[in-house]
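Undergrad: starting from these lines, generate the structure:
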Amino acid sequence: MDQSVAIQETLAEGEYCVIAVQGVLCEGDSRQSRLLGLVRYCLEHGGQEHALFLYTHRRMAITGDDVSLDQIVPVSRDFTLEEVPPDGEIYILGSDVTVQLDTAELSLIFQLPFGSQTRMFLHEVARACPGFDSATRDPEFLWLTRYRRPEPEPELPTPLDCNSAAGTWLGCATIGGGGSNFDGLRPDGKGLPMDQNPSDQDKPESLQPRQNKSKSQITDMVRSSTITVSDKAHILSMQKFGLRDTIVKSHLLQKEEDYTYIQNFRFFVGTYNVNGQSPKECLRPWLSEGIEAPDVYCVGFQELDLSKEAFFFHDTPKEEEWFKAVSEGLHPDAKYAKVKLIRLVGIMLLLYVKREHAAYISEVEAETVGTGIMGRMGNKGGVAIRFQFHNTSICVVNSHLAAHTEENARRNQDYKDICSRMQFYQLDPSLPPLTISKHDVILWLGDLNYRIENMDVEKVKKLIEEKDFQTLYEYDQLKIQVDKKTVFEGFTEGELTFQPTYKYDTGSDDWDTSEKCRAPAWCDRILWKGKNITQLSYQSHMALKTSDHKPVHSLFDIGVRVINDELYRKTLEEIVRSLDKMENANIPSVSLSKREFCFQNVKYMQLQVESFTIHNGQVPCHFEFINKPDEESYCKQWLNANPSRGFLLPDSDIEIELELFVNKTTATKLNSGEDKIEDILVLHLDRGKDYFLPVSGNYLPSCFGSPIHTLCYMREPILDLPLETISKLTLMPIQTEGNGSQLERPLEIPKELWMMVDYLYRNAVQQEDLFQQPGLRSEFEHIRDYLDTGMIDNLSASNHSVAEALLLFLESLPEPVICYSAYHNCLECSGNYTASKQVISTLPTFHNNVFKYLMAFLQELLKNSAKNHLDENILASIFGSLLLRNPAGHQKLDMMEKKKAQEFIHQFLCNPL
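TA: Coordinates of the predicted model:
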C-alpha cells in the first residue's frame with residue numbers, strides 16, 4: 001500500500017512526498033512505529049531541498065487523518081542514513097533492515113521492512129543528499145519554518161548549534177539536523193551529546209558511507225546470507241541498474257533453461273479462520289503431525305482479532321500470540337527460518353523455510369490490499385508475500401472475502417480487486433511493479449467464504465453424513481464461479497474429500513446451533529497455479545476446536561528451477577561477449593500504435609482505459625514518461641500511465657495503458673470548469689527522442705465532489721443543468737444565505753443526500769453490518785447515475801451499496817459538513833454538549849441542516865441496534881472522520897484529536913438534538 005498518499009495530504013503547496021516507508025524507531029528498549037516520508041521542496045531559483053518527515057500513527061496510513069507529524073530532519077550536508085549490517089545469523093533472513101540516521105546533533109536507529117520498498121527508499125534518500133560540492137549553495141530549509149514553534153520550552157537544554165533558532169513545531173515534534181538553521185533535538189526533547197562534526201574515521205566500519213561498500217557487501221546486508229559469484233539472485237539484485245545490467249538480466253531470463261534444472265521441494269500451505277480467538281490448543285495436529293518435514297511453510301489466518309480496536313486501528317496482541325503458536329507447532333525434525341510476517345487487521349500470513357534453504361531465498365516482498373468499506377478498510381481483503389526461491393518466482397496470497405451466501409458478486413469483486421491492486425515493487429526502479437499473475441507459482445489460500453447454494457440446510461447435512469461430497473460439491477459457489485471463469489481462471493483446486501469446514505459451535509464438532517443456524521460450507525480453500533506442481537494431500541483438521549472454522553492444509557511437491565553454477569557462468573559469459581560486440585552508439589527509436597487519446601463522458605470514480613503499443617527498433621532502450629517544465633508529475637492527478645517506465649529489448653513490444661480516474665481530489669475543479677480533461681504526456685527515450693501524446697476528453701459533472709450549498713441551489717439533477725450554470729454554482733461562495741435574489745429558492749439539504757438517506761431509512765434501518773460491509777462497485781455506479789439524473793425511484797441496489805455511496809458522498813465534499821473554520825472549536829467543546837450545540841448553530845444554514853439531518857438518521861439506526869448491531873462508538877468512528885476534517889494546509893490530527901472528534905459526534909448520537 002502506497003502510504004506516501006497519506007503524507008502528501010499533510011503537506012503544503014510546493015512540498016511533494018517522493019517515497020514513504022513504514023518503520024520502527026528504536027530507542028533503548030522502546031519500539032515505536034513511525035512512517036518515514038522523504039519530502040522534496042522546489043525552490044524559486046530552480047533548486048531542490050529535501051527533508052525526512054517522521055509521522056506517528058495508530059492505524060494504517062490511508063489518508064492524512066491517519067498520521068500525525070512527529071519530527072522533521074532536514075537532509076543537510078552532514079545528513080547520513082546508513083544500513084547497519086546484521087549479526088550474520090541465517091535465521092534472520094528476511095527480517096527488518098536496521099538503519100542509522102546521523103546528523104551533527106542527531107542520531108536515530110530505525111528498523112525498516114525487508115524488501116525493495118525499503119531499498120528504493122534508501123536509494124531515493126541517497127540521491128537527495130546535497131553532497132559536498134563547494135560550488136553548490138548550502139541548503140537553507142526556509143520552507144520548514146512553518147513547522148517550527150517560536151520558542152522552545154525554557155527547561156530544555158540549549159541546542160548544540162548556538163547560532164540556530166529553536167525548531168520545535170506544533171504538538172511535541174522537533175526539527176533536527178546539522179548544517180541548517182534548526183536544532184537537533186530528539187523526539188523526547190533532549191539534546192544528544194555528540195560531536196558536531198564526526199569524521200568517517202571515528203565511525204565503525206558498518207557506518208561508513210554506502211558508496212564505499214562493494215555491491216556484494218550491500219546485497220549481503222539486505223539478504224543476510226552468503227553470496228557466491230555464481231548466485232544469480234545476487235547478480236540480478238545489484239542496486240545500480242544501468243542499461244547493460246537490464247539487457248543481461250533479460251537475456252538470462254530468456255536462456256533460463258540452458259543453465260537450470262528442476263528440483264522438487266515440499267510446501268505446506270495452511271489456512272485457519274480463528275474467529276477472533278487466542279490460541280488455546282497445540283497446532284501440531286494441523287501443522288506437522290503425520291507428514292515429513294516440509295521445506296517451506298505458508299501459514300495464513302483470518303479473523304485474527306474481531307475487536308473494534310483491530311478494525312479501526314492496526315494494533316493487536318494476537319499477532320504475537322498466533323506467531324508464537326505457529327513457531328512452536330512447526331515440524332520438530334527440522335529447524336526453520338522465519339522469512340516474513342505480513343498482517344492486515346485480522347488477515348495474517350507467515351512464511352518459513354528450512355534453514356538450509358534460506359540462502360536461496362531472495363527478493364522478498366509483502367503487500368496488502370483492503371477491500372472493506374469504501375474500498376480500503378482491512379476487515380476484508382488480502383495479504384501476499386512474493387519471493388524468489390532459487391530461480392523460481394513464487395507468490396503466496398492469503399485472502400478473506402466478503403461473507404454471507406447472497407454476497408457472491410461481492411466475493412468475486414474482492415478477488416478481482418486483490419488481483420488488480422496487489423503490486424510488488426521490483427529491485428530495478430525502472431521496471432513496473434509485479435502483479436500476482438507475474439509469478440511462476442501462485443499459491444492462494446484463505447477464507448474465501450463461498451457457500452453452498454440452492455440447497456436447504458438439512459439436505460446439506462444429510463449429504464455430509466453420507467459423505468456424498470461429490471454431489472454437494474456441484475452446489476458449491478466457488479466451483480460454479482470457476483466454471484463460469486469469473487474468478488480464479490487458470491487455478492486448480494484438489495478434490496474435496498473432507499466435510500465442510502464452516503460453521504461449527506466453538507469448542508465442538510457440532511454444526512451451528514445458533515439462531516442463524518448457518519448452513520455448512522467449504523469456506524476455507526487452497527488453490528494453485530503454475531507448472532511442475534503436484535498436490536500430495538488436501539484435508540481439514542477436526543481435532544482443533546478453538547474456532548467456528550476448522551483449519552485446512554495442503555501439501556505440494558513444487559518443481560523449482562535450480563541453477564547449475566557452471567552452466568550459468570558459461571551462459572553469462574556468452575551474453576556478456578555478445579553485448580561487447582553490440583554497437584551501443586546507435587540511437588534508440590520506437591514506433592507507437594497510437595499518439596492521441598480521447599476519453600469520452602468520464603464519470604466520477606469510474607475507470608476509463610485507453611491503451612497503445614510501443615514497438616522498439618534494433619537498439620535496447622529505457623523509456624519513461626517525464627515531467628513537463630515546472631510540473632511535479634508527468635501527468636495530471638486524474639491520469640496514470642501503466643507502466644510509466646520500463647525497458648525494451650530489440651524488436652520487442654510493450655502495451656501501455658492510460659488510466660483515467662476522477663476521485664474526490666480532482667472532481668470539484670472538473671465540476672467547476674477550473675480543470676478540464678486535457679493534458680500532454682511526454683514519452684522520453686534514454687539517449688533518444690521525446691514523443692508528445694495529447695490527452696483530451698469530457699467530464700460529466702456529478703453531485704460527488706460538489707459543495708453542499710451548490711447542491712442546495714440545484715433543484716434539477718446536475719446533468720440536466722447547463723455547464724455554465726454548474727460552474728457558476730460550484731464557484732459560488734459558501735455564505736449565500738440572503739444573497740439568493742438572483743437565484744432560485746434553495747432546498748434545505750441536497751436532494752441527493754435526502755435520496756440516499758431516505759432509501760436507507762425505508763429499507764435498511766435493521767440491516768446487519770450497515771456502514772461496515774462494502775457494497776458492489778457496479779451498484780455504486782448505478783447509484784451515482786441515478787443521483788445525477790434524478791431517477792432514484794428506479795434504483796435497484798443493495799443496502800450496503802447505498803450506505804457506502806452515502807459515505808463516499810460525504811467524503812467527496814470539498815468543504816465538510818462541519819466547516820473547516822469550526823474544526824478547532826469542535827475539538828475544544830467535545831465533552832460539553834451545550835457548547836457543542838452552540839458551535840453547530842454557527843454553521844452556515846445548509847451545513848447546519850445537513851448535520852442535524854444526519855444525526856437524526858443515525859439516532860434512528862441506533863433505535864434498531866438489536867437488529868443492525870450498530871452502536872454509538874462504531875457510528876462515531878465512521879462518521880467522525882467524514883464530518884469533522886482538519887483544515888487543509890494544517891497538520892493532520894493526532895490520536896488525541898481523533899478521539900476528541902469522535903467524542904464530539906458521539907454526544908449528538910446519545911442526546912436529544
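Undergrad: state which helix of this structure is the longest.
TA: Longest helix in the chain by number of residues, with DSSP state H as the criterion: helix 845-862.
Undergrad: distance from the helix or strand that comes right after it to the middle of the chain?
TA: With elements assigned by DSSP states H and E, the helix or strand that comes after helix 845-862 is helix 865-868. Mean C-alpha position of helix 865-868 versus that of the full chain (Cα atoms, centre = their mean, to the nearest Å) differs by 32 Å.
Undergrad: do the same with stretch 676-692
TA: 29 Å.
Undergrad: and if you look at stretch 344-355?
TA: Distance, centroid of stretch 344-355 to centroid of chain: 18 Å (Cα atoms, centre = their mean).
Undergrad: C-alpha coordinates for that stretch, CSV please?
TA: Provided in CSV are the C-alpha atoms of stretch 344-355 (Å, rounded to 0.1, in the frame of the first residue of the first chain):
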residue,chain,number,x,y,z
LEU,A,344,-3.8,-6.5,7.5
VAL,A,345,-6.1,-6.2,10.6
GLY,A,346,-7.1,-9.8,11.1
ILE,A,347,-5.6,-11.3,7.9
MET,A,348,-2.1,-12.7,8.6
LEU,A,349,0.4,-14.7,6.5
LEU,A,350,3.6,-16.3,7.7
LEU,A,351,6.4,-17.7,5.6
TYR,A,352,9.1,-20.1,6.9
VAL,A,353,11.8,-22.1,5.2
LYS,A,354,14.2,-24.7,6.4
ARG,A,355,17.4,-23.0,7.5
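Undergrad: show me which residues of it are buried.
TA: 344-354 (16 or more other Cβ atoms under 10 Å). Using the backbone N, CA and C atoms, a C-beta is placed for each residue, glycine as well.
Undergrad: any chance of the residues you listed in CSV, with pLDDT too?
TA: Output for the buried residues of stretch 344-355, formatted as CSV (pLDDT from 0 to 100):
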residue, pLDDT
L344, 90
V345, 87
G346, 91
I347, 94
M348, 95
L349, 97
L350, 96
L351, 96
Y352, 95
V353, 96
K354, 95
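Undergrad: picking that back up, could you list the buried residues of the longest helix of the chain?
TA: By neighbour count on 16+ other Cβ under 10 Å, the buried set for helix 845-862 is 846-851, 853-855, 857-859, 861-862.
Undergrad: likewise for stretch 532-548?
TA: 533, 535, 538-541, 544-548.
Undergrad: I'd like the average pLDDT over the longest helix of the chain.
TA: Helix 845-862 comes out with an average pLDDT of 96.
Undergrad: got the contact list for that helix?
TA: Contacts to helix 845-862, defined as Cβ atoms under 8 Å, 6 or more residues apart in numbering, come from residues 708-709, 712, 737, 746, 748-750, 753-754, 757, 760-761, 765, 770, 815, 817-819, 840-841, 843, 868, 870-872, 875, 879, 883, 908-909, 913.
Undergrad: Produce a ChimeraX select command limited to the buried residues of these.
TA: To isolate the buried ones among those in ChimeraX, judged by 16+ other Cβ under 10 Å, type:
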select :708,709,712,746,749,750,753,754,757,760,765,770,815,817,818,819,840,843,868,870,872,875,879,883,908,909
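Undergrad: so which of the contacts of helix 845-862 are in helices?
TA: Short answer: these in helices (DSSP H) are 708-709, 712, 753-754, 757, 760-761, 840-841, 868, 872, 875, 879, 883, 908-909.
Undergrad: and the nearest residue to L882 once chain neighbours are set aside, how many neighbours does it have?
TA: Counting by Cβ to Cβ, 6 or more residues apart in numbering, L882 lies nearest to L810, which is 4.4 Å off, once chain neighbours are set aside. For L810, the neighbour count with other Cβ atoms under 10 Å is 21.
Undergrad: dump the residue contacts of L810.
TA: Going by Cβ under 8 Å, 6+ apart, L810 touches 816-817, 879, 882-883.
Undergrad: and for C282?
TA: 328-329.
Undergrad: does it belong to a helix, a strand or coil?
TA: Counting by DSSP: H, G, I helix; E, B strand; the rest coil, the backbone at C282 sits in coil.
Undergrad: separation between it and A764?
TA: 44 Å (Cβ to Cβ, to the nearest Å).
Undergrad: now swap in M348 and tell me
TA: 32 Å.
Undergrad: likewise for G880?
TA: 21 Å.
Undergrad: then R31?
TA: When R31 is compared with A764 (using Cβ to Cβ), they lie 43 Å apart.
Undergrad: then H782?
TA: H782 is 17 Å from A764, by Cβ to Cβ.
Undergrad: how about L649?
TA: Relative to A764, L649 is positioned 56 Å away (Cβ to Cβ).
Undergrad: neighbour count winner among the two?
TA: Taking neighbours as other Cβ under 10 Å, L649 and A764 compare with A764 leading, 19 against 16.
Undergrad: tell me who's in contact with that one.
TA: By Cβ under 8 Å, 6+ apart, the residues touching A764 are 770, 799, 802-803.
Undergrad: one more: I347?
TA: By Cβ under 8 Å, 6+ apart, the contact set of I347 is 300-302, 304, 368, 378, 381-383, 398-400, 446.
Undergrad: quick one: least confident of those?
TA: Scoring the contacts of I347 by pLDDT puts G378 last, at 70.
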